[in-house]
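**Student:** model the following, please.
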Amino acid sequence: MEGFTALRLLPWLSPDGKRCFLAPGDGSGFVSRLADETETRQLAEGMDVCRSAHRVLGDPLTPNAEVRYTAIRLTECLADALRVAESRGRRLPPAGDDTGDLGGEPAPEVGVGTVDRDPGVRP
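**Tutor:** Here you go, the predicted structure:
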């Protein structure tokens with residue numbers, strides 16, 4: 001019997017707000033490519049929102065409504081990023097599994113960049 005491959009968690013919710021999954025394949029199918037593009041777009045949007053939030057929250061004269069909107073957008077982007085991270089983590093081979101070996105080459109970096117932080121603010 002072949003080993004079980006986990007379903008892929010997709011980066012969107014159903015109209016009912018439920019999680020969507022895709023049966024594993026070779027990654028070249030339409031839905032798989034659409035999910036990859038959506039994840040990339042979500043992570044890039046999250047970086048844009050973080051940059052904008054940094055400016056908004058760095059200005060003590062920012063109106064409360066703008067701060068609230070920024071917090072809402074940050075929450076949405078964080079939820080997207082966490083779903084992407086969970087989906088990608090599910091697809092990693094188990095620890096000690098040689099099937100995911102890259103032949104001694106280092107694993108490629110995953111991500112869209114870094115967030116500039118105020119040197120006086122600790123993460």
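
**Student:** C-alpha from now on. contacts and neighbour counts both.
**Tutor:** Will do.

**Student:** buried stuff in the biggest strand by length in the chain?
**Tutor:** As assigned by DSSP state E, the longest strand anywhere in the chain is strand 8-13. In terms of neighbour count (16 or more other CA atoms under 10 Å), strand 8-13 has its buried residues at 8-12.

**Student:** same deal with stretch 68-78?
**Tutor:** 70, 73-74, 77-78.

**Student:** contact partners of it?
**Tutor:** 42-43, 45-46, 49-50, 53, 56 (CA atoms under 8 Å, 6 or more residues apart in numbering).

**Student:** got CSV for these, with neighbour count too?
**Tutor:** Converted to CSV, these look like this (neighbours: other CA atoms under 10 Å):
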residue, neighbour count
Gln42, 20
Leu43, 20
Glu45, 16
Gly46, 22
Val49, 18
Cys50, 20
Ala53, 19
Val56, 16
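
**Student:** which one of those sits closest to Ser32?
**Tutor:** Set against Ser32, the nearest of these by CA to CA is Gln42 (15.2 Å).

**Student:** residue contacts, the closest one?
**Tutor:** 77, 80-81.

**Student:** nearest to Phe21, of those residues?
**Tutor:** Asp80 (15.0 Å).

**Student:** if we can go back for a sec, for the contacts of Gln42, give me CSV that also has distance to Leu92.
**Tutor:** Below are these laid out as CSV (distance: CA to CA, whole Å):
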residue, distance to Leu92
Cys77, 23
Asp80, 19
Ala81, 17
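
**Student:** keep only those of these that are in helices.
**Tutor:** 77, 80-81 (DSSP state H).

**Student:** which residues are in contact with Ser87?
**Tutor:** So Ser87 contacts 8-11 (CA under 8 Å, 6+ apart).

**Student:** Gly46 and Leu92, how far apart?
**Tutor:** Distance of Gly46 to Leu92, given as CA to CA, to the nearest Å: 23 Å.

**Student:** swap in Leu61?
**Tutor:** Taking CA to CA, one finds Leu61 at 45 Å from Leu92.
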